[in-house]
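J.: generate a structure from the sequence data that follows.
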Amino acid sequence: MCCTVSLLVVIAQGLDHIAENILSFLDARSLCSAELVCKEWQRVISEGMLWKKLIERMVRTDPLWKGLSERHQWEKYLFKNRTTEVPPNSYYRSLYPKIIQDIETIEANWRCGRHNLQRIQCRSENSKGVYCLQYDDDKIISGLRDNSIKIWDKQSLECLKILTGHTGSVLCLQYDERVIVTGSSDSTVRVWDVNTGEVLNTLIHHNEAVLHLRFCNGLMVTCSKDRSIAVWDMASPTDISLRRVLVGHRAAVNVVDFDDNPNPSLIPSSPVPPPVFQTVDLWAARIPGTKRPWLAHPSPWETGQGIPYRAVSRTLCSSSLKTFPNECEEGEVYSWIIALAADILSSFSVWSTSTCEFVRTLNGHKRGIACLQYRDRLVVSGSSDNTIRLWDIECGACLRVLEGHEELVRCIRFDNKRIVSGAYDGKIKVWDLQAALDPRAPASTLCLRTLVEHSGRVFRLQFDEFQIISSSHDDTILIWDFLNVSTNGQTEGRSPSRTAGPVEFDVCVDSPNGQVNVPGGTDMDMKESDLNGWRNGERAGDGLLKMPLGGKKGVLNDPLLS
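T.: Residues are numbered from 1 along each chain as shown. Next up, the predicted model:
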């Protein structure tokens, strides 16, 4: 009552702008209640266009709201000043519950697996497989095993352009508004003009296949089958210089990710020790910003020499802390490059974007690690042990293990709500991230839906609030649309289960026990054979993969060899 009287006094004194500012902090439910208090409050809310301001606030802060505003085209009625012709407050008041209904429908579609499915047949002439992709509202760019990059119109699904130049499979790519950067099994990194398709730069550094890359804010990191990580300074598309080479892994480095810090600074580091069996290695960083509190605690594994960011080779349990004394100063932030080496040692490392020094080793996965994503303090990794693990990078703890895939987890992405994973079983699974982070949530509730449409192994996927786009060994790109669902939209529960079939190889049985030697390093298995977890086999000392002969003669059913 006191608040009501006070606000009425403000309005009575002609200070509507103050009352409007106070009421603008209300959420939707409170704003509805405020309209019922009295006619004066209702007038201030209407004249102040507070429902419009509430919607604008949601669009600015929530990507789902922003996406809906663009797709349903009511964004043109937002962020206009009062001198511009805009609808009355009643329009925005009626629009708000419609938006809420749309959001609830989208969330229900995700949970129930309702979607419209569109399929792009890539029709590779020489070989099958779409290894990588990225998309925006207008286009999809994909890298194929036939050495080409194809650009597709996202609306018509027509191929707009084919970029050629690589002499090996295109294994990874990333693009922005200016360039496409691709890595290939021909050992090169190429930079293309995103609009014209012209090759702007070719980087020749790695000795073997470039398996993954990531660039942002003038920093690019590439990793390779040659067991190294290269850190590049990108001044411009034509001015890219090598700043650091990170070594120490004893097998191929399959994926990298790092903080989007705008001003990473590299300084010399001491030699890096070899990775530890079935572990996650972390490497420290120091960049101006705010400090990470977990580095402020002493550890029994400290070197004791007081040298900042000194490399220490240890195997730590998930709750252990590795720190550097007297170096966690006020105004510093710690930032990481996470590098994954999916070798017979099943390890991946976390390096620093500034110092490239070792921090810790984490235990967890039982077999090789095939994919990961790093965002804020959360790392999500997928493995050939068929599981997904969630890690807190600040304290090194494994927060949750997700089980459900029947084969190697090949690709994984997450946002604030969901984790989406793709595997060699041909399935895409949608997981509840918030439930996964809650230790009280039962494991049976974590997988929201399993999507089964690919007829081959899922190599790569990307998703947003409205859709998943995935690529596969079956030479297709699938668009799973959870927004524009028709009345007869497909549901996962109605889709037949499919599993990836066996892959033909030229094999030779050279031992009495029926083991098969498969030469490694061919273009066919360049990316996949370096992933650990050979299921029933192991690498022989001569570099060949030895595994039991399964199925009919001349066929290997192991999913890692496609």
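J.: other SSEs contacting the longest helix seen in the chain?
T.: Scanning the chain for the longest helix, with DSSP state H as the assignment, gives helix 89-112. Helix 89-112 is packed against helix 39-47, helix 50-61, helix 63-71, strand 447-452, with contacts defined by 3 or more C-beta pairs under 8 Å, 6 or more residues apart in numbering; DSSP states H and E. Where C-beta positions appear, they are placed from N, C-alpha and C, glycine not excepted.
J.: can you tell me what sits against stretch 77-96?
T.: Outside stretch 77-96, the residues that touch it by C-beta atoms under 8 Å, 6 or more residues apart in numbering are 28, 45-47, 49-52, 54-56, 59, 69, 74.
J.: re earlier: quick check: which of the helices and strands packed on helix 89-112 is nearest to Leu461?
T.: strand 447-452 (10.1 Å; C-beta to C-beta).
J.: tell me the angle the longest helix of the chain makes with strand 447-452.
T.: Relative orientation of helix 89-112 with respect to strand 447-452: 70 degrees, computed using axes from the mean of the first three to the mean of the last three C-alpha atoms, to 10 degrees.
J.: how about low-confidence regions in the protein?
T.: 1-16, 82-84, 124, 126, 259-362, 487-562 (pLDDT under 70).
J.: and the helices in it?
T.: So, for the chain - with DSSP H - the helices run 2-12, 16-23, 28-35, 39-47, 50-61, 63-71, 89-112, 433-436.
J.: and the last one, what's buried?
T.: Read that as helix 433-436. 433, 435-436 (16 or more other C-beta atoms under 10 Å).
J.: now distance to Trp232 too, for those, in CSV please.
T.: Formatted as CSV, the buried residues of helix 433-436 follow (distance: C-beta to C-beta, whole Å):
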residue, distance to Trp232
Leu433, 32
Ala435, 39
Ala436, 34
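J.: count the neighbours of Leu211 for me.
T.: When neighbours are defined as other C-beta atoms under 10 Å, Leu211 has 28 of them.
J.: the nearest residue to it once chain neighbours are set aside: how many residues sit nearby?
T.: Once flanking residues are discounted, Leu211 sits nearest to Asn254: 5.1 Å by C-beta to C-beta, 6 or more residues apart in numbering. Look at Asn254: counted by other C-beta under 10 Å, it has 29 neighbours.
J.: farthest pair in the contacts of stretch 77-96?
T.: Maximum distance among the contacts of stretch 77-96 (C-beta to C-beta): 23.4 Å, for Glu47 and Ser69.
J.: between those two, point out the one with more neighbours.
T.: Neighbour count, other C-beta under 10 Å: between Glu47 and Ser69, Ser69 has more, with 20 against 13.
J.: please tell me how far the nearest residue to the more buried one once chain neighbours are set aside sits from Ile99.
T.: Distances taken as C-beta to C-beta, 6+ apart put Glu75 closest to Ser69, at 3.8 Å, once the chain neighbours are dropped. Computed with C-beta to C-beta, to the nearest Å, the distance linking Glu75 and Ile99 is 12 Å.
J.: can you check Leu200 too?
T.: Separation of Leu200 from Ile99 (C-beta to C-beta): 42 Å.
J.: do Pro63 as well
T.: 14 Å.
J.: more neighbours: those two, which one.
T.: Ile99 (20 against 13).
J.: are any of the contacts of stretch 77-96 buried, and which?
T.: Buried among the contacts of stretch 77-96 (16+ other C-beta under 10 Å): 28, 45, 49-52, 54-56, 59, 69, 74.
J.: which among these gets closest to Ile479?
T.: Looking across the buried ones among the contacts of stretch 77-96 and measuring by C-beta to C-beta, the closest to Ile479 is Ser69, at 21.2 Å.
J.: what residues are up against the closest one?
T.: Taking C-beta under 8 Å, 6+ apart, we find Ser69 in contact with 59, 75, 78.
J.: pop the domain breakdown of this structure in here.
T.: 1-80+87-111, 116-263+335-481 (the TED database).
J.: any idea how far Arg214 is from Val189?
T.: Per C-beta to C-beta, Val189 is found 12 Å from Arg214.
J.: give me the more crowded residue out of these two.
T.: Between Val189 and Arg214, counted using other C-beta under 10 Å, Val189 has the larger neighbour count: 26 against 20.
J.: deepest-packed of the domains of the chain, please.
T.: Per-stretch averages of neighbours, counted by mean count of other C-beta atoms under 10 Å, single out domain 116-263+335-481 among the domains of the chain, with a mean of 20.
J.: end to end on it, go ahead and measure it.
T.: 5 Å (C-alpha to C-alpha, to the nearest Å).
J.: now stretch 394-406
T.: End-to-end for stretch 394-406, by C-alpha to C-alpha: 30 Å.
J.: quick revisit: from the buried ones among the contacts of stretch 77-96, pick the one nearest Trp391.
T.: Looking across the buried ones among the contacts of stretch 77-96 and measuring by C-beta to C-beta, the closest to Trp391 is Val59, at 32.5 Å.
J.: is it correct that that closest one is in contact with Glu75?
T.: Yes: the pair Val59 / Glu75 is scored as a contact, 7.1 Å apart, by C-beta atoms under 8 Å.
J.: so what pairs up with Ser471 in the strands?
T.: Beta-bridge pairing for Ser471 (DSSP bridges): Arg460, Ile477.
J.: with only the CA atoms kept, save stretch 187-204 in PDB.
T.: Only the C-alpha atoms of stretch 187-204 are listed here, as PDB (Å, rounded to 0.1, in the frame of the first residue of the first chain):
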ATOM      1  CA  SER A 187      48.200 -31.100 -44.500                       C
ATOM      2  CA  THR A 188      47.300 -27.500 -45.500                       C
ATOM      3  CA  VAL A 189      45.100 -24.700 -44.200                       C
ATOM      4  CA  ARG A 190      43.400 -22.600 -46.800                       C
ATOM      5  CA  VAL A 191      41.800 -19.200 -46.400                       C
ATOM      6  CA  TRP A 192      39.000 -18.300 -48.900                       C
ATOM      7  CA  ASP A 193      37.000 -15.200 -49.500                       C
ATOM      8  CA  VAL A 194      33.500 -16.100 -48.300                       C
ATOM      9  CA  ASN A 195      31.800 -14.000 -51.000                       C
ATOM     10  CA  THR A 196      33.900 -14.800 -54.100                       C
ATOM     11  CA  GLY A 197      35.300 -18.200 -53.200                       C
ATOM     12  CA  GLU A 198      38.800 -17.000 -54.100                       C
ATOM     13  CA  VAL A 199      41.800 -18.500 -52.300                       C
ATOM     14  CA  LEU A 200      43.400 -15.700 -50.300                       C
ATOM     15  CA  ASN A 201      46.100 -17.700 -48.400                       C
ATOM     16  CA  THR A 202      47.500 -21.200 -48.100                       C
ATOM     17  CA  LEU A 203      49.300 -22.100 -44.900                       C
ATOM     18  CA  ILE A 204      51.800 -24.900 -45.200                       C
END
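J.: please renumber the chain so that the first residue is 29 from this point on.
T.: Shifting the count to begin at 29 puts that one at stretch 215-232.
J.: show me what it is in contact with.
T.: Here stretch 215-232 makes contact (C-beta under 8 Å, 6+ apart) with 177, 179, 189, 191, 193-194, 196, 203-212, 233-238, 241, 250, 252, 254, 260, 265-266, 268.
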